[in-house]
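In: what's the 3D shape of this:
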Amino acid sequence: VSPGSCWAFKGHEGQVVIKLPARVHLTAITVQHITKDASPSGTVISAPKDIAVFVSLLGTSAGGVDADGKEESLLGTFTYNVEKEPMQTFPLKDVLPPRAEAFSYVKLLVKSNWGNPWYTCIYRVQVHGR
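Out: The predicted model follows:
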């Protein structure tokens, strides 16, 4: 994790869909950004702020639906706090029925950042589950 070595997208809203190597029952997600000390500008305003996590059996680009007729299911929303540690783990709600299948795709939807009007950066995303 070094300054500039990030997945950057234009503006303060964006999303990424990650195809998992196997189906997973997600339990948490970790998001990482650089620290203020590591930032050449001394700020981390490009860090994501409000984030939502969705899962699906089919990638959203495929336009498919899951077994319940939904394209995707919301597992949680959270706020990445730039005043805390750069690597933050957020537990996801277990909103799925116990018999539900594990999922193949996870979508990270960034709804806002910490004030950068031109771009938002994500340095690392980790998915936790079983």
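In: only C-alpha atoms for contact and neighbour calcs from this point on.
Out: Will do.
In: In this structure, which residue is most central in space?
Out: residue 108 (3.2 Å; CA atoms, centre = their mean).
In: surely it meets residue 19?
Out: No. Using CA atoms under 8 Å, residue 108 is not in contact with residue 19; the gap is 11.5 Å.
In: who does the top strand by length along the chain pair up with?
Out: Looking across the chain with DSSP state E, the single longest strand is strand 14-24. Strand pairing for strand 14-24, using DSSP bridges, gives strand 103-110 (antiparallel).
In: Skip the chain neighbours and tell me the closest residue to the residue nearest to the centre of the chain.
Out: Nearest non-adjacent residue to residue 108, counting by CA to CA, 6 or more residues apart in numbering: residue 53, 4.9 Å away.
In: Next one, pLDDT for the residue nearest to the centre of the chain please.
Out: Note for residue 108: predicted pLDDT of 95.
In: which residues does it contact?
Out: 15-17, 51-54 (CA atoms under 8 Å, 6 or more residues apart in numbering).
In: Serialize those to CSV and add fields for pLDDT and distance to residue 121.
Out: Shown next, in CSV, are the contacts of residue 108 (pLDDT from 0 to 100; distance: CA to CA, whole Å):
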residue, pLDDT, distance to residue 121
15, 93, 11
16, 91, 12
17, 92, 15
51, 97, 13
52, 96, 16
53, 94, 17
54, 92, 19
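In: The longest strand of the chain: what's the following helix or strand?
Out: Downstream of strand 14-24, the next assigned helix or strand under DSSP states H and E is strand 26-32.
In: ok, residues contacting that following strand?
Out: Here strand 26-32 has contacts from 80, 86-94, 102-103, 122-130, using CA under 8 Å, 6+ apart.
In: So, low pLDDT: which residues of this protein?
Out: 1-2, 59-70, 94-101 (pLDDT under 70).
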